[in-house]
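> Have a look; sequence and predicted model below, questions after that.
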Amino acid sequence: MHTITVKDKIFSPFITASEIDNAISKIAVSMNEDLAGKNPLFLIVLNGAFMFAADLVKKLNFPCELSFIKLASYSGTKSSEKVRELIGLNEDLSGRTVVVLEDIIDTGITLGDLMETVKSKNAVEVRLAALLFKPKAFLKSYPIDYVGLEIPNDFIVGYGLDYDGYGRNYPDIYKIVE
Ligand code: IMP
Ligand code: MG
């Protein structure tokens, strides 16, 4: 692995593809124990979580459904007001065990709103899995049931994560060179 350039920034190697794979395998072992028989519905948060989700679900050995959702922010009636809209949640969640799959949890603000929305749709249980977690940036108190790796507050790209839309395609993860 070597340094990469994404748009105008330089990034250095941080987490290898094999370290990522090990972290995902550990999550899969836990899920295979916890979720078997619950017929869970995985809600995959686009865009960033597509690669994590693809690799994780191949390691699961119980029946489950997958669906994809996207969060879009748009301006409300007041120009300063930012509202997050949930796109693609068409499933009936009542009585379901729902597992949200996210690439990274930073401040936790984005997912906090999503978790509340999912709960309000009468899921019996909502769990959260994140490949990466920045504990020092986290401003919320909700539990993250499955965490792949805890990382410092550096900005990273690769393995689904982007800088201004680019860098998602790398199989390894890189951190910004300040
Ligand atoms: P939040 O601060 O937890 O609400 O994170 C919001 C979103 O920012 C995450 O879902 C990611 O898509 C993105 N994000 C957070 N940290 C990084 C990073 O280091 N690199 C790329 N995207 C990030
Ligand atoms: Mg994301």
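Sure thing, it's come through. Ligands and ions are numbered 1, 2, ... in the order given.

> only C-alpha atoms for contact and neighbour calcs from this point on.
OK.

> Let me see the contact set for residue 3.
Applying CA atoms under 8 Å, 6 or more residues apart in numbering to residue 3 gives the contacts 10, 11, 12, 13.

> tell me which parts of the chain are close to ligand 1?
Residues of the chain lying close to ligand 1 (CA under 6 Å from any ligand atom) are 48, 104-110, 155-157, 161-163.

> from the contacts of residue 3, which is closest to ligand 1?
The nearest member of the contacts of residue 3 to ligand 1, counting by CA to the nearest ligand atom, is residue 11 at 11.3 Å.

> ok, the closest one touching residue 172?
No: look at residue 11 against residue 172 with CA atoms under 8 Å: they stay out of range, at 11.4 Å.

> Now do the helix or strand containing residue 53: everything it contacts.
Assessed by DSSP states H and E, residue 53 sits inside helix 50-57. Identification of contacts with helix 50-57 by CA under 8 Å, 6+ apart yields 24, 25, 27, 28, 44, 101, 103, 131, 159, 160.

> what about the fourth one, helix or strand, and which?
Residue 28 is part of helix 17-34 when elements are defined by DSSP H and E.

> Report all helices and strands that that helix contacts.
helix 50-57, strand 146-150 (3 or more CA pairs under 8 Å, 6 or more residues apart in numbering; DSSP states H and E).

> Tabulate these (TSV), appending distance to residue 85.
Formatted as TSV, the helices and strands packed on helix 17-34 follow (distance: least, CA to CA, whole Å):
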stretch	distance to residue 85
helix 50-57	19
strand 146-150	25
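
> what would those look like in JSON lines with mean pLDDT and mean neighbour count?
Below are the helices and strands packed on helix 17-34 laid out as JSON lines (pLDDT from 0 to 100; neighbours: other CA atoms under 10 Å):
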{"stretch": "helix 50-57", "mean pLDDT": "98", "mean neighbour count": "18"}
{"stretch": "strand 146-150", "mean pLDDT": "98", "mean neighbour count": "19"}
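
> looking at the ones you listed, which is closest to residue 93?
Closest of the helices and strands packed on helix 17-34 to residue 93 is helix 50-57, at 19.6 Å (criterion: CA to CA).
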